[in-house]
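Enquirer: Below are the sequence and a predicted model; questions follow.
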Amino acid sequence: MSDPAARIPAKHPPARRLPATRSAAAPSPRISPTTETRAVQYALIAVVVAILSLFLLVPLATVFTQALRSGLGDYLATFRNPEALAAIRLTLLVAAIAVPCNLIFGIAAAWAIAKYRFPGRTLLVSLIDLPFSISPVVAGLVYILLLGSNSLIGGFLLENFGIRIIFAVPGIVLATILVTFPFIARELIPLMEDQGTGDEEAALSLGANGWQTFLFVTLPNVKWALLYGVLLCNARAMGEFGAVAVLSGKLRGQTVTMPLQVELFYNEYASVAAFSLASLLAGLALVTLIVKSWLEWRYADQIAATGRGH
Amino acid sequence: MELSIRNIRKEFDRFPALHGVSLDIRSGELIALLGPSGSGKTTLLRLIAGLEFPTSGAIFFGEDDASQKTVQERNVGFVFQHYALFRHMTVAENIGFGLKVRPRRLRPSAAQIRRRASELLELVRLPGLENRYPSQLSGGQRQRVALARALAIEPKVLLLDEPFGALDAQVRRDLRRWLREIHETTGHTTVFVTHDQEEALELADRVVVMSQGAIEQVGSADDVYDRPLTPFVYGFIGESSRLPVRVDTGGVWIDDRSLGLAAGDVPDGPAHLFFRPHDVELVEGCGGCIAGVVVSSRRVEATRRVELAVGGDRRIVEIELPADHPAALRSRIAFRPRSWKLFADARAGREACAETV
Ligand SMILES: Nc1ncnc2c1ncn2[C@@H]1O[C@H](COP(=O)(O)OP(=O)(O)O)[C@@H](O)[C@H]1O
Ligand SMILES: [Mg+2]
C-alpha cells in the first residue's frame, strides 16, 4: 500500500470571512449550551490549569532542573555508569518481551469478548481489569508465593531446569506482563464491539479465509486503537515500580530496572544520577504523549472513519 | 444455479426462528422474501449463504448438498443490509477484495483485478469512483459498490438483504429498476429480502411471503395479490377488509342476517370474510348483502374511505366509495364484495376456505 494519508483529500481550510462582512454583521448574541457567566468559566479553567501545573508540570520541570543542576557533564556521566546502563538495558528487554506478549493476548482477548457470546463473558471482562484494581505489590507477593524457590512450581523449575523465576529476570517480565495486561485489550474491546462482525462476514462471504480476514479486515479496522494501546502499554512497562520491586531482589547490575535504579541512586544520595535517569523515564512519557497527539492529529480523518460505522 | 431448500429448521437458543421451510428456486430466477420484521427472512438468507447453519434440514445448490459447506465454499454473493464495505479500502480495493484473497493459482494479476473493478463500476453505473473511500459515497452509491463487490467473485447465487432498506423513496425507485436490469444482464439466480410489498411485487419473478418463521405462500405478484392462500397473505398483501362472520348450513351469516354468500366446504362455526375495500358494489335494499352504519368517512385522493359498523356488536369494516358519494355519518350503507374469500377461524382446526365463484 502506498502512503494511506496521501489518498485522503486534504481537509478544506475554513472559508475565510471577508473583513467587510465581518464588520457589517451585528455582534450576534453568544449562544452557549451552558449558562455560567464568562467569569465562572475562566475561573474553572484557571483552577484546572493550576492543579495540573502544581501536580504535573512543576514536578516534571523539577526532574530536569535537578538532573542538570551540576552541569551537562555530570548529567551525561550517569549514562556511563555501568549500573545505570544495565538498568536501561534490562528495562528495554523487559518491555520488548512484555509488550508483544500483551499485544497478542490483548488482540485475542478483545476478539473473543467483542465477537463471541459465551457464558462467563462478563466475568472475563472483569478479570482483564483486575490488574488495574489490584495493588501491584500484592500481585508481586502472590507471584513469590506461587513461583518462589520454596513453592511447588518454582522449586520444580529450579531443581530440574535450573530456572530461577523470582528475584531474576523472568519474574520481572512476568510482573510487568501482569501489570500491563489490560492496556491493549481495553483499547480494543469497545471498538471491536462497536464494529460488530459485519465486515468479517463480508470478507468470509467473498472467499477470504480466517487469517486473510483478520489481516486485511479486522486488523486495519482497529489499527489506531492498537497503536494507542501499544504506546500506553510500553510506557507503563518501562515505568512499572511496585510489582517489579517485590520480585526483583535488587541484584545490582542484574535485576534492577530503571525505576528501581532511580530509587537506589536516590537512597544513596546520588541525586544527580537519580534525576538524570529519572529524566529519561520522564522523557519517555513525553515522547509517548507527543507521538499519540501527533498520530491523532495526522490521521484524524482515518481515525474518525474507523471509529463508528460510516 | 437452482436452489432447493428442504425442510429447514433453525433455532437460536431454543427460539425457533424458522420452522420447516421448503422452497425451490429456479435457475436465473429473481425471488423476493417478503414478510414483516422478525418473520425470519434474514435468517433464511443467511442460511442459504452459509453464514448460519440449520438446526435440521438441507440446502441443495443444484445437485450438491451444500448444507455443511462453509460460506467460502458456497461461492455466493451477499449484499449486507448495511453494506459492510471495508472502510479503510478504496472502492476499487473493496470490489477487488474477493479476487485478491483467492489462492495464488486462481488469482488474477493486480492489473486484471483493477480492470475488473472498473468494469463492474461501469456495470453499476459508477464509473470513475475507483479511488474514493466508502465514507465519501452517498447511501445509494455504497449500495451499488456493495453489489459490484458481490458480483466480482462471479457468484453462483446473489443474495441481498433489504438492499434498499436504508435509502430514501426516490433513490429506492431508481435502484429497483436498475437492479432488475442488472439481473437481466447478468442472469444470476437472485434472492432478495424486503419488507416492502411494492418492491417485492414490482421486482420479483416470484414472491415468497413469510410470517413467523414459516412460508405462507409462494407465487407471482398476480398469485399473491389475486389468489392469497392464507388469511395472513390476504391481510399483508395489498389492502383488505376483514369481517368476522358465522358459517351455518352452507351460508355466511352476521347475527341473523344472511350475506348471500356460499360457504363452500368451510365448516359451520366462526370464520373470517376477506375482501378488498375498493372491490365492492353498493346495493339498494338488502336481501343478501352487508349493511352497516357510517362511523367515519375520509377523503383519500380520488376516493372516499368509509368505515361501517356492521351487525349487533358493531364490527368495523372499511370500504372505498366514489368521492362524490355523500356517505353522511350515521347513514346506512349496504354493499356486496365483488370478490371475496372466506377462511375458517384458525382455532377451528384445519384451514378451510371458500371464495368467489
Ligand atoms: N443471532 C440471533 N440470535 C438470536 N435470535 C435471533 C438471531 N437472529 C435472528 N434471531 C431471531 O429470529 C427471528 C427472525 O429474525 P430475522 O431473520 O432477522 O427476521 P427478519 O429479517 O424477517 O426481520 C427474530 O425473532 C429474531 O429475534
Ligand atoms: Mg432482516
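Expert: Sure thing, it's come through. Ligands and ions are numbered 1, 2, ... in the order given.
Enquirer: where along the stretch 1-150 of chain B do the helices fall?
Expert: B:41-49, B:71-74, B:91-100, B:110-123, B:139-152 (DSSP state H, counting those that start in this stretch).
Enquirer: Are the third one and chain A in contact anywhere?
Expert: Yes: for helix B:91-100, a contact with chain A is found by Cβ under 8 Å from any Cβ of the partner chain, at B:97-98. (Each C-beta comes from the backbone N, C-alpha and C, glycine too.)
Enquirer: related to what we said a few turns ago, for the helices of the stretch 1-150 of chain B, please prepare a markdown table with the additional fields mean pLDDT and mean neighbour count.
Expert: Shown next, in a markdown table, are the helices of the stretch 1-150 of chain B (pLDDT from 0 to 100; neighbours: other Cβ atoms under 10 Å in any protein chain shown):
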| stretch | mean pLDDT | mean neighbour count |
| --- | --- | --- |
| helix B:41-49 | 96 | 23 |
| helix B:71-74 | 93 | 18 |
| helix B:91-100 | 96 | 24 |
| helix B:110-123 | 95 | 16 |
| helix B:139-152 | 94 | 23 |
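Enquirer: Of these, which is nearest A:Y269?
Expert: The closest of the helices of the stretch 1-150 of chain B to A:Y269 is helix B:91-100. By Cβ to Cβ, the value is 62.0 Å.
Enquirer: Packing partners of the closest one?
Expert: Other helices and strands packing on helix B:91-100, by 3 or more Cβ pairs under 8 Å, 6 or more residues apart in numbering or on different chains; DSSP states H and E, are helix B:110-123, helix B:139-152.
Enquirer: From the chain's centroid, how far away is it?
Expert: Its chain's C-alpha centre and that of helix B:91-100 lie 31 Å apart, by Cα atoms, centre = their mean, to the nearest Å.
Enquirer: Restricting to C-alpha, output that helix in CSV.
Expert: The C-alpha trace of helix B:91-100 is given here as CSV (Å, rounded to 0.1, in the frame of the first residue of the first chain):
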residue,chain,number,x,y,z
VAL,B,91,-13.9,1.4,-3.9
ALA,B,92,-11.6,-0.4,-6.3
GLU,B,93,-9.9,-2.3,-3.4
ASN,B,94,-13.3,-3.2,-2.0
ILE,B,95,-14.5,-4.6,-5.3
GLY,B,96,-11.3,-6.5,-5.9
PHE,B,97,-11.1,-8.0,-2.5
GLY,B,98,-12.8,-11.3,-3.4
LEU,B,99,-10.3,-11.8,-6.2
LYS,B,100,-7.3,-10.7,-4.2
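Enquirer: Residues contacting it, please?
Expert: Helix B:91-100 is contacted by residues A:203, A:206-208, A:216, B:85-86, B:89, B:107-108, B:112-114, B:116-118, B:120-121, B:126, B:129-134, B:137, B:145, B:148-149, B:152-153 when judged by Cβ atoms under 8 Å, 6 or more residues apart in numbering or on different chains.
Enquirer: measure whatever residue of chain B ends up closest to chain A to ligand 1 for me?
Expert: Residue nearest to chain A within chain B (Cβ to the nearest Cβ): B:G98, separated by 3.6 Å. Going from B:G98 to ligand 1 by Cβ to the nearest ligand atom, to the nearest Å gives 24 Å.
Enquirer: So which residues of the stretch 101-250 of chain B form strands?
Expert: Under the criterion DSSP state E, counting those that start in this stretch, the stretch 101-250 of chain B contains strands at B:157-161, B:189-194, B:206-211, B:214-219, B:241-248.
Enquirer: coming back round to it: turn the helices and strands packed on helix B:91-100 into CSV, including distance to ligand 1.
Expert: Output for those, formatted as CSV (distance: least, Cβ to the nearest ligand atom, whole Å):
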stretch, distance to ligand 1
helix B:110-123, 27
helix B:139-152, 18
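Enquirer: Including distance to B:F164, could those helices go into JSON lines?
Expert: Listed next are the helices and strands packed on helix B:91-100 as JSON lines, based on distance: least, Cβ to Cβ, whole Å:
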{"stretch": "helix B:110-123", "distance to B:F164": "18"}
{"stretch": "helix B:139-152", "distance to B:F164": "7"}
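Enquirer: buried set for the helix or strand where A:Y143 lies?
Expert: Using DSSP states H and E, A:Y143 sits in helix A:136-147. Residues of helix A:136-147 classed as buried: A:136, A:139-140, A:143-144, A:147 (neighbour count, 16 or more other Cβ atoms under 10 Å in any protein chain shown).
Enquirer: Out of the residues you listed, the closest to ligand 1 would be?
Expert: A:A139 (38.7 Å; Cβ to the nearest ligand atom).
Enquirer: Not counting sequence-adjacent ones, nearest residue to the closest one?
Expert: A:A243 (5.1 Å; Cβ to Cβ, 6 or more residues apart in numbering or on different chains).
Enquirer: Switch the strands of the stretch 101-250 of chain B over to CSV; also include distance to A:I128.
Expert: Shown next, in CSV, are those (distance: least, Cβ to Cβ, whole Å):
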stretch, distance to A:I128
strand B:157-161, 34
strand B:189-194, 38
strand B:206-211, 42
strand B:214-219, 43
strand B:241-248, 56
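Enquirer: Mean neighbour count added to those strands, as CSV?
Expert: Shown next, in CSV, are the strands of the stretch 101-250 of chain B (neighbours: other Cβ atoms under 10 Å in any protein chain shown):
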stretch, mean neighbour count
strand B:157-161, 24
strand B:189-194, 25
strand B:206-211, 24
strand B:214-219, 19
strand B:241-248, 20
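Enquirer: Just give me the residue closest to the centre of chain A.
Expert: Nearest residue to the geometric centre of chain A (Cα atoms, centre = their mean): A:L232, 0.9 Å.
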